[in-house]
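In: Let me see the structure of the following:
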Amino acid sequence: MSYKRDMGGPVEHHDLSELPSPNVDDIVSLLKSRIQSGILYTGIGARTLVALNPPSSSERSHEALMNEYLAEYKDTSGQCDRLPPHIFQVMTNAYLEMRRTGYDQVLLFSGETASGKSWNKGCALDMLNRIRESSKKESYILSQVMNANFILNAFGNASTIHNPNASRFGNYTEIQFSEKGRVIGAKILDYLLEKSRVTRVSQNESNFHAFRYLYNGITEEERKHLQLDSTNFHYLQGNAGANTAVQSELGELPRYSVCLRPFSIWAMSIL
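Out: As a prediction, the model looks like this:
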């Protein structure tokens, strides 16, 4: 398979399955050299992608990369070399396969905590939105999915010792298409929520973000009206007794406002 040279210079292998004699040392060495060159993704055959985390500033603009992979998706000449493996390419390939065969496609994000699953899922949805952005109705549906994900993450993500934004639940997102490949609906199911975290938070970890968003995202007057005093609520404190609500105050107000916006769009009342 022919690839364009990547932005960090020539790299010998974009696909782990092309290694002459793959072994643990060679695989680790290759992945290490790629991420040091700012290359986050490496393929394993045609249907598997290894994504290294965290996404670093060495990777070029999200928007610029999306435009390149969108151009590759739209190219029908067959004359251009393929771009290196990327989550954007996985999304465009899945959409093309669905359109060509009429079969359902599945993108499975699997990995350890803090491995970038949620971030890559967001990238895939961003790419799908770009593919179908000519339709306002389709873009609206996909934007609602992104809004829903923000709310789910607010109520289902928390800070852990390994990840300041760890998902503490599973998430199944289904995008529904017409026979012509148009987005006509979506379904989101959550499962395995770590409910025990609400009342029992491990040392040096925090409760779900939503508690902090509420406490730090409202005014002092609103706190008094709601009788919210962080010193009186175990939910707002870490296991070690640190006042996580107060410590995390900076930056919570915009997140709270962003969290409220989807509720307003869906005509749901708050407080």
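
In: rest of the way, CA atoms for contacts and neighbours
Out: Will do.

In: Can you list phi and psi of G170 for me?
Out: According to degrees, to the nearest 10, the main-chain angles of G170 amount to phi -100, psi 160.

In: How many residues are close by it?
Out: 12 (other CA atoms under 10 Å).

In: do the same with E68
Out: Burial of E68 is recorded as 14 neighbouring residues (other CA under 10 Å).

In: And for whatever helix or strand it lives in, what's in contact with it?
Out: Taking DSSP states H and E as the definition, one finds E68 inside helix 62-74. For helix 62-74, the external contacting residues (CA atoms under 8 Å, 6 or more residues apart in numbering) are 82-83, 88-89, 92-93, 127, 130-131.

In: So which of the residues you listed sit within helices?
Out: 88-89, 92-93, 127, 130-131 (DSSP state H).

In: Among those residues, which pair sits farthest apart?
Out: Greatest spacing in the ones in helices among the contacts of helix 62-74, by CA to CA: N93 and R130 (13.8 Å).

In: This structure: strands as residue ranges?
Out: Under the criterion DSSP state E, the chain contains strands at 41-44, 48-51, 157-158, 166-167, 170-177, 183-191.

In: Out of those strands, the one nearest L226 is which?
Out: Across the strands of the chain, closest to L226 is strand 157-158 (CA to CA), at 23.2 Å.

In: and the closest one, average pLDDT?
Out: If you average the pLDDT over strand 157-158, you get 93.

In: Next: stretch 164-180.
Out: In the prediction, stretch 164-180 has an average pLDDT of 94.

In: next one: that stretch to chain centre, how far?
Out: Computed by CA atoms, centre = their mean, to the nearest Å, the chain-centroid distance of stretch 164-180 equals 10 Å.

In: With only the CA atoms kept, save stretch 38-48 in PDB.
Out: Provided in PDB are the C-alpha atoms of stretch 38-48 (Å, rounded to 0.1, in the frame of the first residue of the first chain):
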ATOM      1  CA  GLY A  38       4.200  13.900  16.400                       C
ATOM      2  CA  ILE A  39       2.500  10.900  14.700                       C
ATOM      3  CA  LEU A  40      -0.300   9.600  16.900                       C
ATOM      4  CA  TYR A  41      -1.800   6.900  14.700                       C
ATOM      5  CA  THR A  42      -0.500   3.600  13.300                       C
ATOM      6  CA  GLY A  43      -2.500   1.100  11.500                       C
ATOM      7  CA  ILE A  44      -2.800  -2.700  12.000                       C
ATOM      8  CA  GLY A  45      -4.100  -3.900   8.700                       C
ATOM      9  CA  ALA A  46      -7.100  -2.300   7.000                       C
ATOM     10  CA  ARG A  47      -9.500  -2.200  10.000                       C
ATOM     11  CA  THR A  48      -7.500  -1.500  13.200                       C
END
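
In: residues near the residue nearest to F169 when sequence neighbours are not counted, how many?
Out: Spatial nearest neighbour of F169, chain neighbours left out: L193 (4.2 Å); criterion: CA to CA, 6 or more residues apart in numbering. The number of residues packed near L193 is 15, by other CA under 10 Å.

In: residues in contact with L193?
Out: Neighbouring residues of L193 by CA under 8 Å, 6+ apart: 156, 168-170.

In: how about stretch 159-168: buried residues?
Out: Neighbour-count burial for stretch 159-168, counted by 16 or more other CA atoms under 10 Å, picks out 159-160, 165-168.

In: I'd like to know which of these is nearest to E174.
Out: S167 (18.5 Å).

In: so what's that closest one up against?
Out: Contacts of S167 (CA under 8 Å, 6+ apart): 113, 118, 153, 156-158.

In: Where does pLDDT dip in the chain?
Out: For the chain, the stretches flagged by pLDDT under 70 are 1-12, 54-60, 79, 230, 236-271.
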